[in-house]
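A.B. asks: Kindly return the folded structure for what I paste below:
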Amino acid sequence: MATLSKPEITKASTTDIASIARSLYDNFNQRDLDKAVSIIATECEFQEMPTGQKFRGPEGVRQDLQMWLKAFPDGKCNITNVIANGDLVAVEFTGVGTQNGPLTGPDGKEIAATGRRAEIPFCDVHQIRNGKVVRVRSYYDQGSMMRQLGLMK
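C.D. replies: Numbering: from 1, shown residues only. The predicted structure follows:
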């Protein structure tokens with residue numbers, strides 16, 4: 001029977017990958033999307049789990065970030081926890097902002113601006129190799145967001 005070995009973790013590598021993941025949110029908050037996507041590998045797959053939408057590579061991730069900024073021009077990511085282990089980093093944060101622009105739904109249809117503020121907890125799990133993000137799974141409660149925006153009860 002084969003056994004799986006645990007990845008070797010050193011404080012430096014754990015700190016490095018946590019910093020890489022954190023930089024995506026810091027650069028989003030500063031509206032520096034070029035810098036934000038500079039850590040994204042060309043083969044990266046970024047998936048929003050509630051919607052099933054997938055974005056590929058730096059330009060795909062840029063498209064996702066731009067979609068959020070279009071819908072929530074004042075949007076910010078407030079990080080509460082960053083946990084690194086092996087080549088994985090979990091980033092827990094709260095996305096806050098006012099929906100003053102159209103939000104693209106999972107079906108591609110636009111949801112008109114509501115003018116309402118939302119605070120949504122997220123947890124993104126990043127896989128990082130050779131200093132680049134190769135995979136992200138983004139988890140958030142889409143129903144809670146829609147309720148806060150007044151789009152469902």
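
A.B. asks: what is the mean pLDDT for stretch 76-85?
C.D. replies: Mean per-residue pLDDT for stretch 76-85: 97.

A.B. asks: For that stretch, buried residues please.
C.D. replies: Using 16 or more other C-beta atoms under 10 Å as the test for burial, stretch 76-85 gives 77, 82, 84. Every residue, glycine included, has its C-beta placed from N, CA and C.

A.B. asks: got it, and stretch 116-123?
C.D. replies: For stretch 116-123, burial by neighbour count (16+ other C-beta under 10 Å) applies to 118, 120, 122, 123.

A.B. asks: Run the chain-centre distance for the helix or strand of the chain with the lowest mean pLDDT.
C.D. replies: In the chain, no helix or strand scores lower on mean pLDDT, DSSP states H and E than helix 11-29, which sits at a mean of 86. Distance, stretch centre to chain centre, for helix 11-29: 13 Å (C-alpha atoms, centre = their mean, to the nearest Å).

A.B. asks: what residues are up against residue 17?
C.D. replies: 84, 87, 89, 126, 128 (C-beta atoms under 8 Å, 6 or more residues apart in numbering).

A.B. asks: Next up, identify which helix or strand the fourth one is on.
C.D. replies: The one in question is residue 126. strand 117-129 (DSSP states H and E).

A.B. asks: Spell out which strands sit alongside that strand in the sheet and which way each one runs.
C.D. replies: Strand 117-129 pairs in its sheet with strand 88-98 (antiparallel), strand 132-140 (antiparallel), by DSSP bridges.
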